[in-house]
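Q: Quick one, fold the following:
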Amino acid sequence: MALIVQKYGGSSVADADSIKRVAKRITEAKRAGDDVVVVVSAMGDTTDELIDLAQQVTPLPPQREMDILLTAGERISMSLLAMAISNLGVEAQSFTGQQAGVITDDVHGRARIIDVSPSRIQAAVDSGAVAIVAGFQGVTQRTNDVTTLGRGGSDTTAVALAAALGADVCEIYTDVDGVFTADPRIVPSARKIDRISYDEMLEMAASGAKVLMLRCVEYARRYGVPVHVRSSFSTRTGTLVTDTPDEGGAPMEQPIIAGVAHDRSEAKITIVDVPDVPGKAARIFQVVAGSGVNLDMIVQNVSVASTGRTDISFTLPASDGAAATAALTEHQPDIGFTSLQYDDMIGKLSLIGAGMKSHPGVSAKLFAALSDAGINIEMISTSEIRISVVTRADQLDDAVRAVHTAFDLDSSEEQAVVYGGTGR
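A: Okay, the predicted model is just below:
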C-alpha cells in the first residue's frame, strides 16, 4: 500500500464529464489498495472569469478580497469531485486550504507556504476516505486571513502536502503525457522525457516550460518528493522528476540535452548612456528591486572611451514593465542616464541539460543552428546546465524548432498529444 498525492489541473476538471472521469481514476487507485489525497485546481477558466468579474466591479480590487473571491473556484471543484467519488461508492471528504492546515505568509495574491499541519487530512486517510483538498490557497499564521499562492499554486499545494504526509509520490495530472523536450504545440515531434533531475526541471520551469511551476519543483527538491507528471486523459506512464537512481541501481549517464524551453512573457529595458563609474549599476538595481520587480538576464555593454558612458539592458516579466520604468524614470536625475528603451516584442529560448557541463561545443552548435535559421541573438545568459538567448518574438517558434532539430531531440515515433489544449 502506498500513499499517493494526486493533483488535477483546471483542464482535467473543466466540466462535469471531466470530473466524473477523474473520479473514476481516483477510485481505481483507492480500490487497488493505495491511500489517496487529491489536490484540485478550479474548473477550466474559472479563475480568469472571477478576475474579469472583479475588474468589472472595480479596476483596483483589494487584494484581501480578491483572495477570498478566487479561492471560491477550487472550493467548487473540490466539492463536486468529492460528490462524484462518493457516487462511485468510495468515501470522500473535501477540505479547504485552511482545513488542510496550509499556513502561509501574509502576502495576498502570491503567498508562500511556511508550514503544513495536515492532521485533518491524515485523519480522513486513516478512516479510509479519499481526502480532496482545494489547491492554490491557505491562511495566514497571525490573522487567519485567506491567501492565494499565485498562478500554479495548486502544484505547490500538492507537493507541500506530499512532503508533510510523507507520501511515496506526488502525481501531477495535466493535459499532456509528461514533460517533453519542447512544447508539443510548437514542436509536434517533441519527445517525452521518462526521467529528469530536479535541477534540469527547475531550469525548464524557470525558462518558460509551463507543465510544472518553478515553486513546486523547488519544494519537491528541498524535501526530496518524487514528482510524476502524467496526463489525466490517458493511462500512459509520464515523466518522473527525481534525483533517485532508477530501480536498476546505478544512475545512468546524463543525456547531454534535456530539452528546449521558451518564454514569451518577458520584456527588455535598456538604460541608455549610464555613467560608467562605480555604484551606478548597484543604484539601478536597487531602484528596480525597490519596485518589487524580479530580473532575469542582464547585459552591460563595453564603455565608450570618449564619453565614459555605457548601456545596461535587462529582461523582466512584461507585467512588471510599467513599475520598473516608472521607478527608473523617477530616479533618472540621481542615476544620470540619458533615456530608457522598453521592448516587449522579445522571446527567450533556453537550452537545458546537465550533460552539457562535460560536453564542449554545445554553445557553438546552438548559435550555428540559430544562424542557419536566420535568427538574430540580442542577449545571452548561461548557467552550468542552461544557455538562454533573447530573440525577436515573431522568430521564437522557428528558433525553438531549429534548435530542437539541431540537437537531435525530435521523436521518430508518434507525435505528442495535447489533450486539453493548455498544457496544464
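
Q: how far is the host helix or strand of Ser94 from where the chain is centred?
A: In this assignment (DSSP states H and E), Ser94 forms part of strand 92-95. Averaged C-alpha coordinates place strand 92-95 at 27 Å from its chain's average position (Cα atoms, centre = their mean, to the nearest Å).

Q: That one packs against which elements?
A: helix 63-87, helix 119-126, strand 130-134 (3 or more Cβ pairs under 8 Å, 6 or more residues apart in numbering; DSSP states H and E). The C-beta positions use only the backbone N, C-alpha and C, and glycine is treated the same way.

Q: if we compare these, which one ends up closest to Val57?
A: helix 63-87 (9.8 Å; Cβ to Cβ).

Q: Okay, now the unreliable bits of this protein?
A: 246-254, 414-415, 419-424 (pLDDT under 70).

Q: returning to that earlier point: just put the helices and strands packed on strand 92-95 in a markdown table and tack on mean neighbour count.
A: What follows is these, written out as a markdown table (neighbours: other Cβ atoms under 10 Å):
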| stretch | mean neighbour count |
| --- | --- |
| helix 63-87 | 20 |
| helix 119-126 | 16 |
| strand 130-134 | 29 |
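
Q: Nearest to Asp273, out of the ones you listed?
A: helix 63-87 (37.9 Å).

Q: can you give me the angle the closest one makes with strand 130-134?
A: 160 degrees (axes from the mean of the first three to the mean of the last three Cα atoms, to 10 degrees).

Q: start the count at 47, not 1, going forward
A: Got it, the first residue is 47 from now on, which makes the last one we talked about helix 109-133.

Q: Show me where the stretch 247-396 of the chain has its helices.
A: 260-269, 326-336, 367-376, 378-381 (DSSP state H, counting those that start in this stretch).

Q: what does the shortest one contact?
A: Taking Cβ atoms under 8 Å, 6 or more residues apart in numbering as the criterion, the residues outside helix 378-381 that touch it are 317, 320, 326, 329-330, 333, 374.

Q: again, 6 Å this time
A: Arg329 (Cβ atoms under 6 Å, 6 or more residues apart in numbering).

Q: Distance from it to the middle of the chain?
A: 36 Å.

Q: Make sure I have this right: Ala414 is in a helix.
A: Yes. Ala414: assigned to a helix according to DSSP: H, G, I helix; E, B strand; the rest coil.

Q: tell me the phi and psi of the residue lying closest to it once chain neighbours are set aside?
A: Excluding its sequence neighbours, the residue lying closest to Ala414 (Cβ to Cβ, 6 or more residues apart in numbering) is Ala452, at 7.4 Å. In terms of degrees, to the nearest 10, the main-chain angles of Ala452 are phi -60, psi -30.
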